[in-house]
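Undergrad: Need coordinates for the following:
(2 chains)
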Protein chains: 2
Amino acid sequence: MSDIQPGFKNRPLVCVQGLGFVGLAMATVIANACDRQGVPLYQVVGVDLPNNRERFELINQGILPFKSEDLSFEPKLKQAVLINKNLRATCDEAVYEQAQVVVVDIPLDIEKLSPVDYSHYALNAAGFKSAMRTLGQKISCDCLVIIETTVPPGFCSKVVKPILEQEFKARQIASCPQIAHSYERVMPGRDYLKSISNYFRTFAGNDAVSAKKAREFLSSIIKVEEFPLREETGTEASELAKILENSYRAVNIALIYEWTLLAEKMGINLFSVIEGIKVRSTHNNIMKPGFGVGGYCLTKDSLLALWSADNFYASAYGLPFSKQALEINDKMPLHALDLIAEATSLDNKKLAILGISYREDVGDTRFSPAEIFYREAEKRGAKCFVNDPYLDNWKEVPEAQFIAFDEGLSQMDILVFATRHNLYLEAGKEYLVQISKSQAFLVDTFDILDDDKIKFLLAHDREVIGVGKGHIKKLRQELNCPEF
Amino acid sequence: MSDIQPGFKNRPLVCVQGLGFVGLAMATVIANACDRQGVPLYQVVGVDLPNNRERFELINQGILPFKSEDLSFEPKLKQAVLINKNLRATCDEAVYEQAQVVVVDIPLDIEKLSPVDYSHYALNAAGFKSAMRTLGQKISCDCLVIIETTVPPGFCSKVVKPILEQEFKARQIASCPQIAHSYERVMPGRDYLKSISNYFRTFAGNDAVSAKKAREFLSSIIKVEEFPLREETGTEASELAKILENSYRAVNIALIYEWTLLAEKMGINLFSVIEGIKVRSTHNNIMKPGFGVGGYCLTKDSLLALWSADNFYASAYGLPFSKQALEINDKMPLHALDLIAEATSLDNKKLAILGISYREDVGDTRFSPAEIFYREAEKRGAKCFVNDPYLDNWKEVPEAQFIAFDEGLSQMDILVFATRHNLYLEAGKEYLVQISKSQAFLVDTFDILDDDKIKFLLAHDREVIGVGKGHIKKLRQELNCPEF
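TA: All right, here's what the predicted structure looks like:
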């Protein structure tokens, strides 16, 4: 172990396996964890596969290898790498040999046949299993492996443990591998690192020793006085908890879809109705209409549980609500497109998608509904352009042409507000008229335009369409706009 | 109008149409509404059909014609009827002629073919329509009709308004009838009346005048400083809001059903998992496993919206989640029965259902899941007995034999805790052993028995089964109980 920083030999070594969006954040938080005297508690090594060399080099210079809206992320990385010198990145798996804790943050993906159709899907576990095999070959018998990855419930005991046991056996290690599951609840945005250290955590160990060690470790990086840890019995419970959380969210979004369609037909402003329901504390999680669901978790997590029900527990009932929710949520951006197509032909129309991130005020396009919308709109003859204040390229749709949120939009026939970015919310009604051409369609998919703006736009010869905004019909009548 | 109380002639007359559970509570609250000097604001007459004479007599003596856990209900009724003398009940429809406001609290029922199967259902609107016709024939042209009944969205404008208009026309009244919709959010229990006066309200009028008058009236009976009114545009929005509220709840209960089945197979305590999820403010409405759903609203309201989608708005999409939720929720008590049947034969077993109310700490059996359970358990050969601290008869199952929550239960083979009444929650583990016989099955459908009690029961030769409590398997292993 030639490259362990001198002076840190006595500090426990924590390895973070996987240096993606979550892994690097975890590594940074762990490296910044200090005792009461402000002295770092751990020596941290982030480990990933050799094809990430470029990323290692950046990290080892204290440079964030991706964009983050959390302005504390890079300074904290720098602090750890350059000042404390207790964080570095490597692909040298030998480092696991000295680890007292390995935090696993490598992805476990579901491959879908296509969006919207979830009748066929596959679990792509090869990379994850191979990573577990590596750990089994390297770690010491009393190293705690904490799985943070969202896995099919049962995975730790039915897949991870047997692999580690097999490799331990090959190394003549008789003891039981120490495994815990504890899921992160990171939230992209300005408080990204805080969403790790200052938030509630659920965890479970595969036995009492693992649970105790996991509790100690998590208590050292999380503000547990304010956010007490929640311990479950058995890793299955922690694995299930993560997926149920996300399924709850996905189902509640899908529920509103059916009410959106009805409310539009009824001429109702569903946003307003829901605002009136949310006053009840028993109903304050009710979701609102929108453009669709994106991100790495909500678009797939339920399928991990379904996979588990099918493959581990022979559950005949399945998870009909949770599965159907994913399909419905993928359809949402197509509904916005249908609303437009009802009002005007898409053929040869110039259409600007305003906001391609799946979440407001971040630049994150993973599984963004904008991609589904973009591809279908192009297929139906529209020429799409995109804008996002947080992005200047679109990884998933590299051919997409970017356009500024300014007068250049006056060449567009259709403007679709597709993410609730502040930039769009704050645009005044005069500005909206200024940047759009006469008879342009402005499409509000996320309650970005209030009634005052809508009326102003209608009065200035713009057309307005809104998801969940059936009442625009009435506003048009009030202003004597012709029906379309 | 010979029977209007002298001295109250100058106070506005408010009629409450329908003197059921909600109507009488509303009438009592309205009659108790006072100005700042403590002087009653209104003269109130509750009106119902002539077949309710017995009920009128009780009310007119200040006696509550049904049981209520709200101990303030009868005193407030007495205060109004006997002291203030501003509330009485009648079937004389002539009283509507003088009314300035009519509050409509008559039921509008959905008839289901059977529980669990919702493929066929019918709206039974004859009584409601006839009541509207009566109003159209009697009320003055500037009387405000406030519909509190949960109706299919669109009903006020597409059914109530045309009926009133027709009758107005026959009486040569040219003006538009004044209609508002405002739904109550009453909650059976100790704070029943307060759930009217001290809670948020949504309302809407069919025009500006009706909306203004509805706001004024509601402001006089509700603590609007603390619970501001929410005004929607158009009665459709208020009608929809009520049903969406209840559908939200029903869908979230149904969602947990599929996770309950999985968690049981996985050996997980789902109650504990959900406790850990509820710490998130975005997830604190997540529901827990249970015995089933009952009551007048949650078991049918979604169908009113579905009826509306089909009959008023030609919506092809329907409300798949909301509808399916009702079916799933009806199945829940059968799942509890299946769990028992997996462990022991039901044939000739004496089975006690502990709690037949659909809600904890009230005596309300309307559409209680206990009825579905009772009938199916009897069909499968069990002999059922019932207990409920709030009831001594079961209207829907009059043949049911009541049994006390005491040593008499030691004749039972199976005890099913089916309502989360305090009485059951507070029963100590020794008492549970004392009142049950050796090898009896104790079935926990609502997290009534904690792990300590479960272990104690298992150690004392009782069997324990729990909905959503897959971890009992592990507790049995810890105690070396044989598998069944």
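
Undergrad: what about stretch A:460-468, start to end distance?
TA: 23 Å (CA to CA, to the nearest Å).

Undergrad: for chain A, which spans come out with low pLDDT?
TA: A:1-9, A:113, A:115-116, A:484 (pLDDT under 70).

Undergrad: longest helix of it?
TA: For chain A, the longest helix by residue count, based on DSSP state H, is helix A:235-266.

Undergrad: Could you tell me how far that helix lies from the centre of the chain?
TA: With CA atoms, centre = their mean, to the nearest Å as the basis, helix A:235-266 stands 15 Å off its chain's centre.

Undergrad: Next secondary structure element downstream of it?
TA: helix A:270-277 (DSSP states H and E).

Undergrad: and that following helix with helix B:235-266, angle?
TA: Helix A:270-277 runs at 70 degrees relative to helix B:235-266, counting by axes from the mean of the first three to the mean of the last three CA atoms, to 10 degrees.

Undergrad: Remind me what helix A:270-277 packs against, helices and strands.
TA: Contacts defined by 3 or more CB pairs under 8 Å, 6 or more residues apart in numbering or on different chains; DSSP states H and E place helix A:270-277 against helix A:235-266, strand B:202-205, helix B:235-266. Backbone N, C-alpha and C define where each C-beta goes, glycine included.

Undergrad: Toward the C-terminus, what is the element adjacent to that helix?
TA: helix A:301-311.

Undergrad: Show me which positions of that next one end up buried.
TA: Neighbour-count burial for helix A:301-311 flags A:301-309 (criterion: 16 or more other CB atoms under 10 Å in any protein chain shown).

Undergrad: ok, now stretch A:254-266?
TA: A:254-266.

Undergrad: Can you name the helix or strand that residue A:122 falls in?
TA: Going by DSSP H and E, residue A:122 is in strand A:121-124.

Undergrad: residues in contact with that strand?
TA: A:108-113, A:152, A:303-304, A:307 (CB atoms under 8 Å, 6 or more residues apart in numbering or on different chains).

Undergrad: I figured residue A:61 hits residue A:77, correct?
TA: No: contact between residue A:61 and residue A:77 fails when scored by CB atoms under 8 Å: they sit 9.7 Å apart.

Undergrad: between those two, which one's more packed in?
TA: residue A:77 (26 against 11; other CB atoms under 10 Å in any protein chain shown).

Undergrad: which residues does that one contact?
TA: A:24, A:28, A:59, A:62-64, A:87.

Undergrad: will you turn the buried residues of stretch A:254-266 into CSV that also has distance to residue B:54?
TA: Output for the buried residues of stretch A:254-266, formatted as CSV (distance: CB to CB, whole Å):
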residue, distance to residue B:54
A:254, 48
A:255, 43
A:256, 46
A:257, 48
A:258, 44
A:259, 42
A:260, 47
A:261, 47
A:262, 42
A:263, 43
A:264, 48
A:265, 45
A:266, 41
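
Undergrad: Now residue A:481: which helix or strand?
TA: Using DSSP H and E, residue A:481 falls outside every helix and strand.

Undergrad: Residue A:461 is in contact with that one, correct?
TA: No: contact criterion CB under 8 Å: residue A:481 and residue A:461 do not qualify, at 9.3 Å.

Undergrad: Neighbour count for these two, which is higher?
TA: Using other CB under 10 Å as the criterion, residue A:481 and residue A:461 rank with residue A:481 on top: 17 against 13.

Undergrad: Now do the strands in the stretch 301-450 of chain A.
TA: Using DSSP state E, counting those that start in this stretch, the strands found in the stretch 301-450 of chain A span residues A:350-354, A:383-387, A:401-402, A:414-417, A:441-444.

Undergrad: contacts for the fourth one?
TA: In this case it means strand A:414-417. A:336, A:340, A:344, A:346, A:349-355, A:373, A:382, A:409, A:424, A:436, A:440-446, A:448-449.

Undergrad: list the contacts for residue A:451?
TA: Here residue A:451 is in contact with A:269, A:471, A:475 (criterion: CB under 8 Å, 6+ apart).

Undergrad: An error on my part: the question was meant for residue A:160.
TA: By CB under 8 Å, 6+ apart, the neighbours of residue A:160 are A:132, A:145, A:147, A:151, A:179.

Undergrad: Over to residue A:196?
TA: A:25-26, A:29, A:184, A:186, A:221-222.

Undergrad: picking up where we left off before, could the contacts of residue A:451 be laid out in CSV, adding distance to residue B:398 and neighbour count?
TA: Putting the contacts of residue A:451 into CSV (distance: CB to CB, whole Å; neighbours: other CB atoms under 10 Å in any protein chain shown) gives the following:
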residue, distance to residue B:398, neighbour count
A:269, 47, 25
A:471, 49, 25
A:475, 55, 20
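
Undergrad: Return the distance of stretch A:320-333 from the chain's centre.
TA: Chain-centre distance of stretch A:320-333: 17 Å, with CA atoms, centre = their mean.

Undergrad: Surely residue A:411 touches residue A:440?
TA: No: if you go by CB under 8 Å, residue A:411 and residue A:440 don't touch, sitting 9.6 Å apart.
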